[in-house]
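>>> the sequence and its predicted three-dimensional model are supplied below.
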Amino acid sequence: MISLSDQEFAEITAYMKNNYGIDLHKKRQLIESRMHSVLLKKGMTSFTDYFSLIKSNDSTEISQLINKLTTNHTYFYREPTHFDFMRDVFLPQQRIKNTSKDIRIWSAGCSSGEEAFTAIMVMHDYFGSERSKWDYTILATDISTAVLNAAKTNAYDPEGLKNMPNGWLNRYFQQTKEGSYTLSRDVSDQVVFRTFNLMDRFEYKKPYDLIFCRNVMIYFDLETKTNLVNKFYDALKPGGYLFIGHSESVQHGRTKFQYVQPSIYQKGRAEV
């Protein structure tokens, strides 16, 4: 095993924290174990050699580093409470108050796309024959080009489909000769994928009605999480919702968000 020196560990953790908000100061063994094969494959004997590639802003190497040091485990209809809330609360509210019929949703930290595509299928089911009257294309962003490229292939293993509602597999998917499944065009075309670092400044033409940022902030320290949550608050319309992972929380008193239920927060309607 190639070991990290104290200086190398300090350098790589500072780089990940300063550039991507990812806090790895308790993950020394994880860095060593997950990056060992990468260094060997490149014929390197130290993390200093590898880190010189990272500091040269090699986008491929940076993406690989992020993929190795974070987890992108996801599947369709994961954490179903959020999608049930969409169907039972959020979409009925939109039907009543959204006269423009333009629903703006951002899937931040979207991984390989299952979250955003699930939300599209929820909305397809809800609006039914009226869905052509609504515009609800979703922006899906991630820092990792590798997971975004996987999302764009539109090929999913059956294992990731088993938690979906009855009827969805036949309604929205086609099986390939290789045994994987692809989404129908009326779902896949509704999601736009972009590379984006959540530490960067948010730029958008109109604020969002709903933002997903689930199981992303587990890698951030309290200050980084608070700053990010406040940026999400500013990016939402009054009455808009933030969905976070079930193992995550928004610190009371550190943001203006109103608690709705575990992992669901709302921007106050009185805000202008």
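Thanks, I have the structure now.
>>> in this structure, what helix or strand scores lowest on average pLDDT?
Least confident helix or strand, the chain: helix 59-69 with a mean of 81, by mean pLDDT, DSSP states H and E.
>>> ok, the residue positioned nearest the centre of the chain - contacts?
Centroid-nearest residue in the chain: residue 109, 2.0 Å away (criterion: Cα atoms, centre = their mean). Counting by Cβ atoms under 8 Å, 6 or more residues apart in numbering, residue 109 makes contact with 141, 142, 143, 198, 212, 213, 214, 215, 216. Yep, even glycine has a C-beta here, placed from its N, CA and C like the rest.
>>> dump those to TSV, plus neighbour count.
Listed next are the contacts of residue 109 as TSV, based on neighbours: other Cβ atoms under 10 Å:
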residue	neighbour count
141	18
142	26
143	24
198	21
212	27
213	21
214	24
215	22
216	23
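>>> quick revisit: not counting sequence-adjacent ones, nearest residue to the residue nearest to the centre of the chain?
Nearest residue to residue 109 in three dimensions, chain neighbours excluded: residue 216, at 3.6 Å (Cβ to Cβ, 6 or more residues apart in numbering).
>>> now residue 257
residue 265 (4.0 Å).
>>> and that neighbour, helix, strand or coil?
strand (DSSP: H, G, I helix; E, B strand; the rest coil).
>>> in strands, which of the contacts of residue 109 appear?
141, 142, 212, 213 (DSSP state E).
>>> which stretches of the stretch 1-150 of the chain form strands?
105-108, 138-142 (DSSP state E, counting those that start in this stretch).
>>> residue 229 is nearest to which of those?
Nearest to residue 229, of all these, is strand 105-108, at 11.3 Å by Cβ to Cβ.
>>> secondary structure element holding residue 209?
strand 208-213 (DSSP states H and E).
>>> can you dump the C-alpha atoms of the helix or strand following that strand in CSV for me?
Downstream of strand 208-213, the first helix or strand assigned by DSSP H and E is helix 222-235. Only the C-alpha atoms of helix 222-235 are listed here, as CSV (Å, rounded to 0.1, in the frame of the first residue of the first chain):
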residue,chain,number,x,y,z
LEU,A,222,-20.9,22.6,9.0
GLU,A,223,-19.8,26.0,7.6
THR,A,224,-19.8,24.7,4.0
LYS,A,225,-23.2,23.1,4.5
THR,A,226,-24.6,26.2,5.9
ASN,A,227,-23.3,28.4,3.1
LEU,A,228,-24.6,26.0,0.5
VAL,A,229,-28.1,25.7,2.1
ASN,A,230,-28.3,29.5,2.2
LYS,A,231,-27.4,29.6,-1.5
PHE,A,232,-30.2,27.2,-2.2
TYR,A,233,-32.6,29.4,-0.2
ASP,A,234,-31.8,32.4,-2.4
ALA,A,235,-32.2,30.2,-5.6
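>>> good, we can wrap up now.
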